[in-house]
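>>> below are the sequence and a predicted model; questions follow.
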Amino acid sequence: MEFGIFIQGYVPKSRSQVDPQAEHHALMEEMDYIVQADRAGFKYGWITEHHFLEEYSHISANDVCIGYLTHATERIHLGSGIFNPLAKVNHPVKVAERVAMLDHLSEGRFEFGTGRGAGSHEILGFMPELTDMNGTKEIWEEAIAEFPKMWLQDEYQGFQGKHWSLPPRKVLPKPYGKAHPAMWYAAGSPSSYEMAARKGLGVLGFSVQKVSDMEWVVNSYKNAVRDAEPIGAYVNDNVMVTSTAICAETSKEARRIAVGGGLNYLQSLLFRYHDTFPRIEGIPVWPELIPDYTEELIDLLIAEELMICGDPDEVLQQCKRWESAGADQLVFGLPIGISPENTAQTIKLIGEHVIPKIDTDPVHRTTRFRQAAGS
């Protein structure tokens, strides 16, 4: 199992009310978390794309962030979590061009994650005519299979669809080296996991909340990926899952940091904006907040495997549970309300004490797939 982190530009009001430059400071701190993760041995850094989601996510141009990070890092793969290829959000041809350009700038370290957006507040800003959010599936489907053609055909043969079109044109630049970057899809239901597998796409499992969720995820995906008919040059057989992670020198310190981390506010914002997620019973409707987390609740979340928290030995055992459940990649969400110093400590301790005991392959899994396709 490989490891990564993801960032999203989290700027809660509690921060902006005391710091006029809170947005800038938050963005630059999160860029530095990716740099730290690179040095600590994490293999992947995922950068979100969201629009209009005040406080929750201020990264709306992740291609710009990734361009900056390609020069600031050496080994870590940098992924779009996600690029939104819906034609009215980002024209598919422009997305294909950006992906190939980032592939060059990173010298093959870019990961192309796609999806359909966070929820109605985001998507209806671009497509107010939509009456059903499921309509974005058709728009995404119309674009996704065209990307490998734009990259691999000398002159793209063109496309005439319901939502976008392009006459025959040379789409430039072409990707760096052979084949093209690994392709991923942000999936949230068993059917979407199966769909991604059939297309040969890796899955960004942002919806997987606990280890016990992995059983249906792995079954849905791994059974279908064996019969994949990839839309690209190769099958990206990968299931990525996410969890909150806090690691400190002692178990007591980690729990203290977790209690003061404002996790309840971030979770409240998640349910505010991600209105396509199933609403868990007991989750209040915004602006009412999920209650503050207590030490007892943190202990329960750890016991229920809903978060990773503890000293290095505890965190190692918690990560091994994800590995045994079948996750190919475990990614930690770090944009919570803990200090940069405590975040740096988490990255450093996991890099020193956890990753070397689980991920012993020096080569990225997606690199192996891409190299095999280009041989």
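Done, it's in.

>>> just want the most central residue of the protein.
With distances taken as C-alpha atoms, centre = their mean, the chain has G81 as the residue nearest its mean C-alpha position (3.8 Å).

>>> my guess is that residue contacts W46. True?
Yes. The criterion here is C-beta atoms under 8 Å, and G81 meets it with W46 at 3.6 Å. (Glycine included, C-beta is placed from N, CA and C.)

>>> okay, and the common contacts of the two?
Overlap between the neighbourhoods of G81 and W46 consists of F6, G113, L204, taking contacts as C-beta atoms under 8 Å, 6 or more residues apart in numbering.

>>> mind giving me TSV with those residues and columns for pLDDT, distance to G262 and neighbour count?
Rendered in TSV, the data for those read as follows (pLDDT from 0 to 100; distance: C-beta to C-beta, whole Å; neighbours: other C-beta atoms under 10 Å):
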residue	pLDDT	distance to G262	neighbour count
F6	96	17	24
G113	98	26	28
L204	97	24	30
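
>>> columns distance to T244 and secondary structure on top of these, output as TSV?
Below are the shared contacts of G81 and W46 laid out as TSV (distance: C-beta to C-beta, whole Å; DSSP: H, G, I helix; E, B strand; the rest coil):
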residue	distance to T244	secondary structure
F6	11	strand
G113	20	strand
L204	16	strand
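
>>> and the residue nearest to the centre of the chain, what is it in contact with?
The contact partners of G81, by C-beta under 8 Å, 6+ apart, come to F6, W46, I47, T48, E49, N62, G113, A186, L204, F206.

>>> so which of those residues sit within strands?
Filtering those for membership in strands, criterion DSSP state E, returns F6, W46, I47, G113, A186, L204.

>>> show me where the stretch 51-200 of the chain has helices.
All helices of the stretch 51-200 of the chain, identified by DSSP state H, counting those that start in this stretch, fall at 62-72, 92-105, 120-126, 135-144, 146-152, 190-198.

>>> list just the nearest of the contacts of G81 to G232.
Proximity of these to G232, judged by C-beta to C-beta, is greatest for G113, which lies at 13.4 Å.

>>> re the thing from before, determine which two of the ones in strands among the contacts of G81 are furthest apart.
Every pair of the ones in strands among the contacts of G81 checked by C-beta to C-beta; the farthest is I47 and A186, at 13.0 Å.

>>> out of these two, which sits in the busier spot?
Just comparing I47 and A186: by other C-beta atoms under 10 Å the higher neighbour count belongs to I47, 27 against 22.

>>> right, and the more buried one touches I76 too?
No. Under the criterion of C-beta under 8 Å, I47 is not in contact with I76, lying 11.4 Å apart.

>>> shared neighbours, those two?
Any residue near both I47 and I76 by C-beta under 8 Å, 6+ apart counts here, and that gives I34.

>>> low pLDDT regions in the stretch 151-300 of the chain?
Scanning the stretch 151-300 of the chain for pLDDT under 70 picks out 278.

>>> can you give me how far stretch 338-349 is from the chain middle?
Its chain's C-alpha centre lies 20 Å from the corresponding centre of stretch 338-349 when counted by C-alpha atoms, centre = their mean, to the nearest Å.

>>> tell me the mean pLDDT for it?
In this model, stretch 338-349 has an average pLDDT of 97.

>>> buried residues in it, which are they?
Of the residues in stretch 338-349, those with enough neighbours to count as buried (16 or more other C-beta atoms under 10 Å) are I338, N342, T343, A344, Q345, T346, I347, L349.

>>> could those residues go into TSV alongside distance to R255?
Shown next, in TSV, are the buried residues of stretch 338-349 (distance: C-beta to C-beta, whole Å):
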residue	distance to R255
I338	12
N342	12
T343	16
A344	19
Q345	14
T346	13
I347	18
L349	15
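
>>> identify, from the residues you listed, the entry nearest to K320.
Within the buried residues of stretch 338-349, distances to K320 taken as C-beta to C-beta reach their minimum at L349, with 15.8 Å.

>>> state the pair within the contacts of G81 that is farthest apart.
Greatest spatial distance among those (C-beta to C-beta): N62 and F206, at 14.5 Å.

>>> picking that back up, just the ones in strands among the contacts of G81 now: which is nearest M195?
Checking the ones in strands among the contacts of G81 one by one against M195 (C-beta to C-beta), the nearest turns out to be A186, at 12.0 Å.

>>> dump the residue contacts of that closest one.
Counting by C-beta under 8 Å, 6+ apart, the residues that A186 touches are G81, I82, G113, T114, G115, R116, V203, L204, F206.

>>> could you measure from the spatially closest residue to A325 that is not a sequence neighbour over to S243?
Excluding the flanking residues, the one nearest A325 by C-beta to C-beta, 6 or more residues apart in numbering is M214, at 3.7 Å. Distance of M214 to S243, given as C-beta to C-beta, to the nearest Å: 11 Å.

>>> before I go, just wanted to say thanks for your time.
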